[in-house]
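*Asks:* with the sequence up front, the predicted model follows.
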Amino acid sequence: MTKPTTEPVAASPRLAEPWWRRPWIVPLMLVAAAFLAFSVPPYLTFDPANSRLAPPPGNDLYFPLLVAHVLFGTVAMVTACFQIWPAFRTRHRRGHRITGRIYVFAGALPAALTGLYIGWHTAAGPSVRVANLVGSALWLTVTIIGLQMARRRRFGDHRRWMSRSFALAMSIVLSRVINVAATIALTPQVDTTFRGSEELMMFSATSIGVWLSPLLLLLVTDWLLERRKPGTRPTHR
């Protein structure tokens, strides 16, 4: 007598798909490129006068670490786009491993570490300070876990944790979009809710962006990961 049993279905090797079968990759790269083209150039002059974030008075370490954070973050965003590109990952295994190491050791880890310092010294208030510290600590943590999973050859877990790391790497882009929307929504309340303080309103809009963007991206990432889990099917013995 045979009886049905439920076993995990082994994942079959997938052939590399043309990029147009994954239409999100090109818009994603264009968004990342546009963000970097707007954000990075002022810091390439290495002139504090061009910084979009004013260094705290008397803190000579802040601006060099801010420049380092921007440059490491740029490396992380560029290499992450190739890491999650299915065709690149499938056709260029060696390239995937190389860009993965660059992402971790010359991108995410140093960017997250410098982000802890930059986040602590923010001038945008305690809510933004905590959000920056939590975001940097999370980015550091999930990236290290993803690296450990790869070293243990648990590649399914590696992919899941590194997907979360990528989401946190890209959260700064979404935060800028949310900041603009929050500023537009809160501006009419300057004279009421914020008692005439435009600065307080801007701090609040920034806080909404830095808290909401990583939360949304992590939720979407885990939802997509759950959708793509291998299913089960009955087999007979």
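*Replies:* Structure received.

*Asks:* which stretches in this protein count as strands?
*Replies:* Ranges of strands within the chain are 4-8, 232-236, based on DSSP state E.

*Asks:* can you tell me which residue is nearest the centre of the chain?
*Replies:* residue 169 (1.8 Å; Cα atoms, centre = their mean).

*Asks:* what are the boundaries of the helices in this structure?
*Replies:* 25-39, 41-44, 62-83, 86-91, 93-103, 109-120, 126-151, 155-186, 198-227 (DSSP state H).

*Asks:* worst mean pLDDT among those?
*Replies:* Lowest mean pLDDT of these: helix 86-91, a mean of 69.

*Asks:* how close does the closest residue to residue 103 other than its chain neighbours sit to residue 107?
*Replies:* In space, and not counting its chain neighbours, residue 103 is closest to residue 79: 4.0 Å by Cβ to Cβ, 6 or more residues apart in numbering. Any C-beta I mention is one placed from the backbone N, CA and C, and that applies to glycine too. Taking Cβ to Cβ, to the nearest Å as the measure, residue 79 falls 6 Å from residue 107.

*Asks:* which parts of stretch 59-67 are buried?
*Replies:* Residues of stretch 59-67 classed as buried under the neighbour-count rule (16 or more other Cβ atoms under 10 Å) are 62, 63, 65, 66, 67.

*Asks:* settle it for me: which of residue 79 and residue 107 has more neighbours?
*Replies:* Taking neighbours as other Cβ atoms under 10 Å, residue 79 and residue 107 compare with residue 107 leading, 27 against 21.
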